[in-house]
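Engineer: No sequence on hand, only this structure:
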């Protein structure tokens, strides 16, 4: 087999690994889209994942590829990336996702991937080749997205309580069981639009590094876009039930009105981040929104201990995935 053939097969294998990560992203983060709509009893679990997967997929025609551009070209200098860096980044992200899924911890697939890229690149060339602009805005939104989700969720809850202050609880429940389908669809749309683009970005990074795409191209090949949106939708179809329980009931008890407010606040945050080209965490966003909804009712409605454990997982995500990615990078040097 020639060197060119070997290189092509390696690229194909890494694209397959990236799509496996994308599938796992949908599987791991399905809870972000469906936990509230399942826990409030608006949809059965099997119907909810199909519903969310549909909106994940149609996001392909809604959002510009600004997040993909940030991941593909805005995190590290393109000339530094090679197949070893991409392998390390993906293995670091996948390992962290598996660990947090097993323990039912709603961590961020997005930041696991960014941490993986950073760890593999630093193992190869140090920190000087990292692009500060892309790194800083990604890190900033670790804090901005849950805070913004918190305030939007809380404001939605307060506004709804005022508008429906004269309505009976049964009438409110009946209305928001219908409206929650709208908010869940919007959040799933935002989830697909932001998260699928992260995998598009790393495949684009790989194609540029191996000469299968030009760094000057305005967009990645169409097949990468279609395959990544399809993979995340299929992952969502299988759902991560361990995390659904944590998101839907352990943080705070939700009713349809609360689910609607949390999903709407979270969706608005995701739409803003995707518009700005920021690879934001859908997990952080919906968690902040759920906590905001609970706190708007009464502070004691939130199980702050559970929320605190989730925050610790957020803090460890980037360094943990970066550490695994660095090890995977060194291993890959011995393998191929």
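Structural biologist: Thanks, I have the structure now. Bear in mind that the values here come from a model prediction, so they are computed numbers and not experimental data. Numbering: from 1, shown residues only.
Engineer: Going by residue numbers, what spans are helices in the stretch 51-200 of the chain?
Structural biologist: Applying DSSP state H, counting those that start in this stretch to the stretch 51-200 of the chain gives helices spanning 66-73, 83-102, 109-125, 132-163, 169-209.
Engineer: Out of those helices, which gets nearest to residue 19?
Structural biologist: Residue 19 sits nearest to helix 169-209 of all the helices of the stretch 51-200 of the chain, at 7.1 Å, using C-beta to C-beta. Heads up, the C-betas are built off the backbone N, CA and C, glycines and all.
Engineer: Report the next helix or strand after that closest one in sequence order.
Structural biologist: Per DSSP states H and E, the first helix or strand lying C-terminal to helix 169-209 is helix 222-238.
Engineer: Flag every buried residue along whichever strand or helix holds residue 259.
Structural biologist: In the assignment (DSSP H and E), residue 259 maps to helix 256-276. For helix 256-276, the neighbour count (16 or more other C-beta atoms under 10 Å) marks 256-274 as buried.
Engineer: The residue lying closest to residue 133 once chain neighbours are set aside: neighbouring residues, count only.
Structural biologist: Distances taken as C-beta to C-beta, 6 or more residues apart in numbering place residue 74 nearest to residue 133, at 6.6 Å, with adjacent residues excluded. Residue 74: 21 surrounding residues under other C-beta atoms under 10 Å.
Engineer: just the one 10 residues further on next, same as before
Structural biologist: When counting by other C-beta under 10 Å, one arrives at 21 neighbours for residue 84.
Engineer: who touches the residue lying closest to it once chain neighbours are set aside in this structure?
Structural biologist: Leaving aside its sequence neighbours, residue 84 sits nearest to residue 332 (C-beta to C-beta, 6+ apart; 4.5 Å). Residues in contact with residue 332 (C-beta atoms under 8 Å, 6 or more residues apart in numbering) are 83-84, 87-88.
Engineer: As TSV, those residues with distance to residue 9 would be great.
Structural biologist: Converted to TSV, these look like this (distance: C-beta to C-beta, whole Å):
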residue	distance to residue 9
83	11
84	15
87	13
88	19
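Engineer: Out of the residues you listed, who's the most crowded?
Structural biologist: That'd be residue 88 among the contacts of residue 332, by other C-beta under 10 Å, with 28 neighbours.
Engineer: Am I right that residue 130 is in contact with residue 121?
Structural biologist: Yes. With contact defined as C-beta atoms under 8 Å, residue 130 counts as touching residue 121 (6.5 Å).
Engineer: Looking at these two, which one has more neighbours?
Structural biologist: Neighbour count, other C-beta under 10 Å: between residue 130 and residue 121, residue 121 has more, with 25 against 19.
Engineer: my guess is that one contacts residue 129, does it?
Structural biologist: Yes. Residue 121 is within contact range of residue 129, at 6.1 Å (criterion: C-beta under 8 Å).
Engineer: Identify the contacts common to those two.
Structural biologist: 76, 80.
Engineer: low pLDDT regions in the stretch 51-200 of the chain?
Structural biologist: Filtered on pLDDT under 70, the stretch 51-200 of the chain yields the residue ranges 104-106.
Engineer: Now for the residue nearest to residue 133: which residues touch it?
Structural biologist: For residue 74, the contact set (C-beta under 8 Å, 6+ apart) comprises 131, 133-134, 277.
Engineer: again with residue 194
Structural biologist: 63, 67, 110, 270, 273-274, 279-280, 282.
Engineer: can we see that at 7 Å?
Structural biologist: 67, 270, 273-274, 279-280, 282 (C-beta atoms under 7 Å, 6 or more residues apart in numbering).
Engineer: what does residue 146 give?
Structural biologist: Listed by C-beta under 7 Å, 6+ apart, the contact partners of residue 146 are 284-285, 287-288.
Engineer: Can you name the two of those residues that sit furthest apart?
Structural biologist: 285 and 287 (7.3 Å).
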